[in-house]
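Visitor: Sequence plus predicted model, see below.
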Amino acid sequence: MKKSNTHRDRVYEIAREYVFQRGVAGWNMDDLARDAGVTKRTLYKMIESKEKLIGEIINGFIKGVQERIAVIISEEQEYYKAVRNVMAEFPALAGSMNSRSISDIFIQYPDVEKQVIAGRNELTAGVIAFFERGIKGGHLRKDLTGGFILELFQAMVIYFIKISNGGEAFSKNITAAFGALMDGLKTDAADETGGKK
């Protein structure tokens, strides 16, 4: 690996930690250069501005979630297992995007928020289409819509973010809630494996 790629990887690794733990105000480019072990001049050869760096990090995070969900949707053969795996991606996404530091970033850099909204809309459309496919395929109740199912999942995530301190309790509660919700979304004719009775 070239030394420049190693420096770049280190810069982005530290910047990701800064963004998700400190937001905007808790660091500057001098801190980043120092902690990444590069000169400020080298840093600005890699990065145009702090705003652009923050936008790349947040959008990269969302794209990573989108890619994992696309793989699950395309490769998992059991529909209910795919739904559970897709929904497992949402707590991490929602938890990161609802933090106080992210809110501060959006206030400071409105263009970053616009980019995030565009990425979120793309992700939302893909997940809604996935639920619609489940409804049409007889896996999920026909009296629901893909958009409504997604709203249910999002409401649960927001609720558990508000009442828990994150970590293990949040993951445990949201997993149990997703399981209970899925049992209520299935058609009467579908069994646990996604087949028909």
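Guide: Sure, I can see it. Residues are numbered from 1 along each chain as shown.

Visitor: make it CA atoms for all contacts and neighbour counts henceforth
Guide: Will do.

Visitor: thinking Ala15 is in contact with Asp31, fair?
Guide: No: assessed by C-alpha atoms under 8 Å, Ala15 is found out of contact with Asp31, at 9.8 Å.

Visitor: the more surrounded of the two?
Guide: The residue with more neighbours, out of Ala15 and Asp31, is Ala15; 25 against 15, by other C-alpha atoms under 10 Å.

Visitor: how far away is the more buried one from Leu152?
Guide: 33 Å (C-alpha to C-alpha, to the nearest Å).

Visitor: same question, Ser103
Guide: Distance from Ser103 to Leu152, by C-alpha to C-alpha: 23 Å.

Visitor: So if I had to pick from these two, which one is more boxed in?
Guide: Neighbour comparison, Ser103 and Leu152: the larger count goes to Ser103, with 15 against 12 (by other C-alpha under 10 Å).

Visitor: The more buried one and Thr124: what is the separation?
Guide: 20 Å.

Visitor: Then Arg22?
Guide: Taking C-alpha to C-alpha, one finds Arg22 at 27 Å from Thr124.

Visitor: Likewise for Arg10?
Guide: Relative to Thr124, and taking C-alpha to C-alpha, Arg10 is found at 31 Å.

Visitor: again, but for Met29
Guide: 33 Å.

Visitor: go on, Phe131?
Guide: The value you get for Phe131 to Thr124, if C-alpha to C-alpha is used, is 11 Å.

Visitor: what about these two, which has more around it?
Guide: Phe131 (22 against 17).
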